[in-house]
Every structure is written in C-alpha cells, then in structure tokens.
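Asks: dropping the sequence and predicted coords here.
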Amino acid sequence: MAQMNMVKALNLAMHEALSEDDNVVIMGEDVGQDEGVFRVTENLLMDFGKNRIIDTPLAEGAIVGTAVGMSLYGMKPVCEMQFSGFAYQAYHQIEGHVSRFHNRTRGRYRMSMVIRMPFGGGIRAIEHHSESREALYAHNPGLKMVICSSPRNARALLLESIRHPDPVIFFEPKASYRAFKEEVPDEPETMPIGKAQVVREGSDITIISYGAMMRPVLEAVDDLADEQGTSIEVIDLLTVSPIDTECLTNSVAKTGRAVVVHEGPRTCGVGAEVTARLVETCFFHLEAPVRRITGYDVHFPYFAREQAFLPNADRIKTAVRETLEV
Amino acid sequence: MYPIRDDRPVGTTKSAQAPARPGEIGSGRLVVRKLNRDRISDVPRKTIKVEHKLEYLQILDEKGNIDAAHDPKLNGDTLLSLHRLMLFTRLFDERMLALQRQGRIGTYAPVRGQEAVQIGTSFALKPGDWMVQSFREPGACFHRGWPVDKLMQFWGGYEEGCAVPERVNDTPIAVPVASQIPHVAGLAWAMKLKKTDHVALGFVGDGGTSEGDFHEALTFAGVFDLPAIFVITNNQWAISHPRTMQTRAKTLAQKAGGYGIDGIQVDGNDVLAVHTATVEAIAKARKGGGPTLIECVTYRLAMHTTADDPKKYRSEAEVKKWEKRDPLIRFDAYLRSKGILDDGMDEQVRTDIKTTIKAGIEKYEASRDVDPRDCFPYTYVEMTEELKTQAREFDLALEREGVSSGH
Ligand SMILES: Cc1ncc(C[n+]2csc(CCOP(=O)(O)OP(=O)(O)O)c2C)c(N)n1
Ligand SMILES: [Mg+2]
C-alpha cells in the first residue's frame, strides 16, 4: 500500500497497462517530453520510449482518428485530450466511428481504446477548461463513460478501462488531481465498469454523485451527521454510462429519498437520467420528489465567478434538509 | 530534459485481454519502411507544373541594419507608432507576469518576442477591417483600440474581458486552437458578398496549423477567393512540441500552395518586413486578388503560460540565441541610426506607457467586484422561463451563503 494522489494513481495504472501489454500506446499533446500538462504521464516516456508514448501534432481529430486505425490493427491506444473542452475537435471521430465500429461491422472489429480527459471546474482556469459535458458521451450509444473520484478508484478504473474491449471515455476530475491522497494497493487492482459504489451506508436519504462533487457531498454528509444525526447513504456512480440502476434502486427503495449532485448543466444531465430511473424503479418507495443540485443551464463562468457557481456542501445540505422535511 | 530511448518495439506480445482478431500484430516488430522511390513501371512520367512561388522577406537584419535601397520609407510618425506599440506590448507583458505572481490575475500566456508579428500586421488594418485573435495577441488588440483593463479582465477570470469594446471590429480571445480561423474566412466571405473593400485578418500559431479548422478555412478562402489574410505566428513551439512536430514540410508558408493561394514567409522579428508583407497582402485582397498566408518566423521567449515549465523541453542555449534576435532591440537600433529615436524620447515613451498601464490596472482592479448572478442574463438574447427559475434558485443559495451582489 502506498499513499498517493490521483495524478500518481492514474500514472500507475498506465504504467501497469503499458507493462502488461505492449499493444498499449499513450498518445496526445505534451504527453511525452513534457509528461502531460498535469504531469499524469510522468516518467512514461523514459520508461517506455517514443514508440509507446507519442507526442502528436496538435490535432485532436487525428489523435482519435488515427487511434481508430491503430485499434483496428490490434493496438490499444490510450488517447489524452488535454482538456475535455478540446475533445469536440475529435467528436466526429468519437461519434462517427469510435462508438460505431463494433456495431457497424456486426462485431467483426472492436474499438478497444480509452480517451482520457480532465474535466470540471475549480482550478481557476480560462474558458473551455472547466466544463462538465459527461452527458454528451453518456447520450452516445456505443461508448462507456467512466468518471473516477479518488486515487484508488482512478487507478482501478483506468486499468480496467484500458483492458476493456469497448471504447471508454475516461473523465478525470482535475480539481481532485492533487487535492488529497489515498492508500492505493501495490498489486494491480481493477474495478468493474458499469458498477456504482456505495461509499457510505445510511438509512434516511440517498445522495448520488460522482467526480469532484464527491468531496462536497461527503463534507455535507459529515456535517449533517454531526449537526442533526442524519444517516445518509452515498453512492458514487463511477460509470455514468451504463448506469448501475440496480445499485440506485436498492438504495432508494430503502431510504425513500434521493438527491443527485453534479457540476454539469441540469437539462438532460446525468441527474435527469438518474431521477428518471428512480421514478421508473422505485416510484412507490419515494417519500419525496428527487432533488437535483447541479450546475445551472448556462456556460460555466470564467473563474472569478466559479466558486460562487459550483455546487457546494451548503447547497447539498439545504437540499437534503428540505427533502427530509417533505 | 532526459535522453529518450526510441528503439523499443511495439505490439510484439499478443494483448492479454483482447482476443485475437484480424489484422492483429502478432509476431514482428513494427517496421518503419523507408520510402520506396523505385518505380515499378518505366512509362515516362509527365511533369505537372505547379505554379507556386514562395518568397521570404527580411528588411532589417538582426542588428537593425537596412539596405538603404530597400527602405520602405515609412514616415517618422509611423515608425514611432510601431515602436511605441511594440514597447507597449512588451511592458504590458512584463506587468502581467508580475500581476500573475502577485495573484492579481490568473494564468497568463506571455507574448515576449512576438511583438513585431502582431504590431506589424495589425498596423496595416483600417478600422472597418476585422482582426481575429487567438489568445496571445495583446499587441494587436492595443493597436485596434482595446483598453488595457479589458485584457486584464480576461486573464483575471472575467467575461467582461471578452466584451468587445464599442467601435472595435474584432473578435475576442479564442482559446480552442485554430477554431477562430474559419471565422476569418467567414468574415471575408461576407465582406466579398456585401461588396465592401474590407478585409479580415486572423492569427494562428504554428501548432494551430495542424488542426482541421486551419485546413478547412484555407480551403474555403481559396475556393471562394476571399479577402482574407491568415497570419501564422510561428514561434517555434506549441507548448512542448517543436515546430518540426507539426509538419514534415520545410515551411508553414508553403502550405498555401496546397490551397492554391499565395504564401510568404517573413522574418517575424523584423517589424518592417512583417508590415510590408501585410500591406501588400491587404492591398491585393482589397482589389479582389484573394487570400494570403503569411508565416512570421519568430520565437516565444517566455513560457507557454505561467503554468508551464519550458526547461522540461527546450534548451537555454536556444532561448539565448533568439534573445539576440529580439524584435525590439533590432527596431530600436534602426530608429536610432535614422536619428528618429534617442534616449530622452525612449524614456518619455516608456513613462507614458507605464502611466497608461498603471491607470489600466487601477481600472481593472476597481471592476473586480462582480455579481456572480451575471452568468445568467447573456446566455440567450432573452432569458428563458427555465433560466429565470434557475436564477432565482441561485439567488437564494447566494443569499444563504452571504455572497454580496457586487453591485
Ligand atoms: C483545440 C485545442 N487543443 C488543445 C489546446 C491546449 N493548448 C493551448 S495552447 C496550445 C499550443 C498552441 O500552440 P500554437 O498554435 O503554436 O500557439 P502558441 O501557444 O505558440 O501561441 C495547446 C495545445 C487548446 N487550447 N485547443
Ligand atoms: Mg507556437
């Protein structure tokens, strides 16, 4: 066991994947000599060389497009989009080919690849560096959409994503990159894609969230336990597509109340999907309307306004209290 | 920087998890084949003549000397304006780095070394023309009439920094690399369709030339013969990627040939060369002569942004080499040799500039107490009912949290 932050944990997963399978290559902008703008690819170039850790020309469309070709030829590209805000330059490849090849060829070809990208706000970055657009990918059939939230699950999920036979869009909450450390096992560890995790057990209400929002959620949960003895169950979705409906249903059937928290916009967001599923699967157990604490349906503000904008523990606590009062 | 081995094979083992499938590399190494120039048919080949000339322009050498016969003979006021604008950009840049260190703005992308490119080009524009910036063109902005505090607002994290000043026909900072270049073609297209004699001029980096948007925009500009000027600020680096990583071609200017448009490479640290090339390109465009691609060869003397550490990927010696080619030193020497500039005048200009920048900082700092609720009203021309509801919810949250309105 070693204590490490999320950057180190992601780096470890890539190191393990590169070591166990030399079809794995890392490709992107500034991933080699510069070791990634967040240093997630630290030492990889040194350890695996230029044929495996590939600095590409500045063209996201071609990074993903060539990864499609590599994948067809039996390799396993792990593409880095420097920020999720620059993945749209590759979106035609992601939608048009990455997500479709398996279906289009009736299973003859797989698209085994990972497209990693940092997402979310909170680091005082300029425009296009703070958005949460996971819903775009979750809405896109053929893609798995994974979002880590802590060093340990980051390592386990990234390693699993690279081994996975389907294409995985892997979102890394950049506000959590260096925010805290956690014990990460020495032996390679994976977690299944498509499974949510109950990170706190409780009986009064369920909070469902993912990514960087897990931190204000847990802060709110601790506060409410101290202040008023509320027993809250917390679910970290980890995979937002496909959603682990069973985990959600089991919890909310028990608690009868739910609050969903995410940074991304509300309309057609992951919270909308979670809420719809709860209405479908545990309507008769619900004691109160499901609440959503989310980013608003506006462009993520430039950083002077971002702290006021981001959902925080206070807003989560208020939503929980109000939901308990119904 | 560390030495890198690149001799290791790829794909020699079968993927442990993925089942074997057609086309899988199972056995051999990935062999990089040499380009095979041997022809398999001896039928004589005809030659296609491609008419594409590529010029290189330098007027001032690195010491500021000029071949008197080729002096563009700009008048003294023009020369002093170019000097003032370049110096303004340099002093602004230095001040911004200080403000960043003091935490008064956020991450900043410095422009040191690239002043001649943006001043030499934008100076050739008329007010009705459009300037399309990327994110490293404060100098062009100043010439076009953007006040200092606007740029500070952008780097300080305020949308207000992108609220283009009245009477300025420019686009605000565009962060997604090269995404602004189709806008240059679109503006120029509208100018042509509306039969004005305006032109659109836009900036893109050496890295940006690899993006599809760059390619597609130049395709349109060529096909529709648009009054557009595309300026490549080739500062040799795209964060940690050297220019050679963006194309196998010897120059970026020669890409023009592929789109059937004119291209020229200029010494981007020679403001006279940059200006002359731009004046010619604009005059041609105004007369219906079509687009031009101008590659300005320069150097990013500072870090990519204040979050970047260039020591990881480039040598001090390279930076030192380019410091000797500093566009300001060169132009300064030229002006002094012509007797247009002396120590007293230089000092006077510096003092004026510093006063303007100081006033700008004060204005910026006075504008910082903004209302977070302002993220709502500009989303659409009219607020939707849904947004009104969400804005009320935001309002309540801020009230509970004791966040003042700022107004
Ligand atoms: C589409 C896109 N991809 C990646 C980035 C991140 N990024 C910002 S600047 C930059 C390098 C740009 O290099 P260049 O075009 O040469 O401009 P310069 O920074 O040298 O001015 C990169 C990769 C971005 N802003 N937009
Ligand atoms: Mg560059």
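Replies: Perfect, thanks for sending it. Ligands and ions are numbered 1, 2, ... in the order given.
Asks: around the closest residue in space to B:Thr379 that isn't next to it in sequence, how many other residues sit close by?
Replies: Spatial nearest neighbour of B:Thr379, chain neighbours left out: A:Val298 (4.8 Å); criterion: Cβ to Cβ, 6 or more residues apart in numbering or on different chains. For the C-beta atoms, the positions are set from N, CA and C on the backbone; glycine is no exception. Look at A:Val298: counted by other Cβ atoms under 10 Å in any protein chain shown, it has 19 neighbours.
Asks: quick check: A:Val298 is in a helix.
Replies: No - secondary structure of A:Val298 (DSSP: H, G, I helix; E, B strand; the rest coil): coil, not part of a helix.
Asks: mind listing what it touches?
Replies: A:Val298 makes contact with A:Pro265, B:Cys375, B:Phe376, B:Thr379, B:Leu387, B:Gln390, according to Cβ atoms under 8 Å, 6 or more residues apart in numbering or on different chains.
Asks: now the first one, which residues is it bridged with?
Replies: The one in question is A:Pro265. A:Gly295 (DSSP bridges).
Asks: quick one on the thing from earlier: ranking the contacts of A:Val298 by neighbours, who comes first?
Replies: Highest neighbour count within the contacts of A:Val298, by other Cβ under 10 Å: B:Cys375, with 23 neighbours.
Asks: do I have it right that that one meets A:Asp297?
Replies: No - counting by Cβ atoms under 8 Å, B:Cys375 stays clear of A:Asp297, with 10.5 Å between them.
Asks: can you pull out the helices in the stretch 51-200 of chain B?
Replies: Listed in chain order, the helices of the stretch 51-200 of chain B (DSSP state H, counting those that start in this stretch) span residues B:76-101, B:115-122, B:138-144, B:148-156, B:181-193.
Asks: now do chain A
Replies: Secondary structure of chain A (DSSP state H): helices at A:6-20, A:44-48, A:60-72, A:91-93, A:101-104, A:134-138, A:151-163, A:214-228, A:245-255, A:270-282, A:306-309, A:313-325.
Asks: wait, which of the ones you listed is closest to ligand 1?
Replies: helix A:60-72 (5.9 Å; Cβ to the nearest ligand atom).
Asks: what residues sit buried inside the closest one?
Replies: A:Glu60, A:Gly61, A:Ala62, A:Ile63, A:Val64, A:Gly65, A:Thr66, A:Ala67, A:Val68, A:Met70, A:Ser71, A:Leu72 (16 or more other Cβ atoms under 10 Å in any protein chain shown).
Asks: that older thread, how much space between the residue nearest to B:Thr379 and A:Pro265?
Replies: Note on A:Val298: its distance to A:Pro265, by Cβ to Cβ, to the nearest Å, is 8 Å.
Asks: and stretch A:70-88, end to end?
Replies: Stretch A:70-88 has an end-to-end distance of 20 Å (Cα to Cα, to the nearest Å).
Asks: please apply the same query to stretch A:72-85.
Replies: This stretch, stretch A:72-85, spans 27 Å end to end (Cα to Cα).
Asks: skipping adjacent residues, who's closest to the closest residue to ligand 1 within chain B in space?
Replies: Nearest residue of chain B to ligand 1 (Cβ to the nearest ligand atom) works out as B:Gly205 at 2.3 Å. Leaving out its chain neighbours, the residue that sits closest to B:Gly205 by Cβ to Cβ, 6+ apart is B:Thr233, at 5.5 Å.
Asks: and that neighbour, which of the three is it?
Replies: The three-state label given to B:Thr233 by three-state DSSP is strand.
Asks: is it true that the residue of chain B closest to ligand 1 touches B:Gln133?
Replies: No - using Cβ under 8 Å as the test, B:Gly205 is too far from B:Gln133 to be in contact (11.4 Å).
Asks: who has more neighbours out of those two?
Replies: Using other Cβ under 10 Å as the criterion, B:Gly205 and B:Gln133 rank with B:Gly205 on top: 27 against 23.
Asks: domain-wise, how is the chain divided?
Replies: As the question left the chain open, I've gone with chain A. Using automatic domain parsing, the domains assigned to chain A come out as A:2-184, A:197-325.
Asks: that's the wrong chain, I meant chain B
Replies: If you go by automatic domain parsing, chain B breaks into B:2-40, B:55-366, B:372-401.
Asks: hang on, the earlier thing: what do B:Cys375 and A:Asp297 both touch?
Replies: Residues touching both B:Cys375 and A:Asp297 by Cβ under 8 Å, 6+ apart: none at all.
Asks: and residue 284, how many neighbours?
Replies: Reading this off chain A. Residues near A:Phe284, counting by other Cβ under 10 Å: 7.
Asks: chain B, not that one
Replies: Using other Cβ under 10 Å, B:Lys284 has 17 other residues around it.
Asks: just say helix, strand or coil for it.
Replies: At B:Lys284 the chain is in helix, as set by three-state DSSP.
Asks: OK, contacts around it?
Replies: By Cβ under 8 Å, 6+ apart, the contact set of B:Lys284 is B:Asp262, B:Gly290, B:Thr292.
Asks: that one and chain A: what is the separation?
Replies: From B:Lys284 across to chain A, the span is 29 Å (Cβ to the nearest Cβ, to the nearest Å).
Asks: got a pLDDT number for that residue?
Replies: pLDDT for B:Lys284: 98.
Asks: what's the burial count for residue 324?
Replies: Because you didn't say which chain, this covers chain A. 17.
Asks: actually it's chain B I care about, not the one you picked
Replies: By other Cβ under 10 Å, the residues close to B:Lys324 number 10.
Asks: and it, how far from B:Tyr299?
Replies: Going from B:Lys324 to B:Tyr299 by Cβ to Cβ gives 10 Å.
Asks: residues in contact with stretch B:312-323?
Replies: Stretch B:312-323 has contacts (Cβ under 8 Å, 6+ apart) with A:Gln33, A:Asp34, A:Glu35, B:Met1, B:Gly113, B:Gln236, B:Trp237, B:Ser240, B:Pro242, B:Tyr299, B:Leu301, B:Pro310.
Asks: so which of these sits lowest on pLDDT?
Replies: Among the contacts of stretch B:312-323, B:Met1 carries the weakest pLDDT, at 53.
Asks: any weak-confidence spans in chain B?
Replies: Applying pLDDT under 70 to chain B picks out residues B:1-9, B:11-37, B:404-407.
Asks: for ligand 2, what are the nearby residues on it?
Replies: B:Gly205, B:Asp206, B:Asn235, B:Ala238 (Cβ under 5 Å from the ion).
Asks: and the third one, what is it in contact with?
Replies: When contacts are counted by Cβ under 8 Å, 6+ apart, B:Asn235 is found next to B:Gly113, B:Gln114, B:Gly205, B:Asp206, B:Thr298, B:Tyr299, B:Arg300.
Asks: change it to 7 Å
Replies: Applying Cβ atoms under 7 Å, 6 or more residues apart in numbering or on different chains, we find B:Asn235 in contact with B:Gln114, B:Gly205, B:Asp206, B:Thr298, B:Tyr299, B:Arg300.
Asks: identify the residue spatially nearest to the third one, adjacent ones excluded.
Replies: The shortest distance from B:Asp206 to any non-neighbouring residue, by Cβ to Cβ, 6+ apart, is to B:Asn234 (4.3 Å).
Asks: which ones are touching the one you found?
Replies: B:Asn234 neighbours (Cβ under 7 Å, 6+ apart): B:Asp206, B:Arg243, B:Leu252, B:Gly268, B:Glu295, B:Cys296, B:Val297, B:Thr298.
Asks: which among those residues count as buried?
Replies: Buried by 16+ other Cβ under 10 Å: B:Asp206, B:Arg243, B:Leu252, B:Gly268, B:Glu295, B:Cys296, B:Val297, B:Thr298, out of these.
Asks: do I have it right that the third one meets B:Phe230?
Replies: Right, the one you point to is B:Leu252. No - using Cβ atoms under 7 Å, B:Leu252 is not in contact with B:Phe230; the gap is 10.2 Å.
Asks: I'd like the contacts of B:Lys284 laid out as JSON lines, including neighbour count.
Replies: Compiled in JSON lines, these are given as follows (neighbours: other Cβ atoms under 10 Å in any protein chain shown):
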{"residue": "B:Asp262", "neighbour count": "22"}
{"residue": "B:Gly290", "neighbour count": "20"}
{"residue": "B:Thr292", "neighbour count": "26"}
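Asks: perfect, I'm done here.
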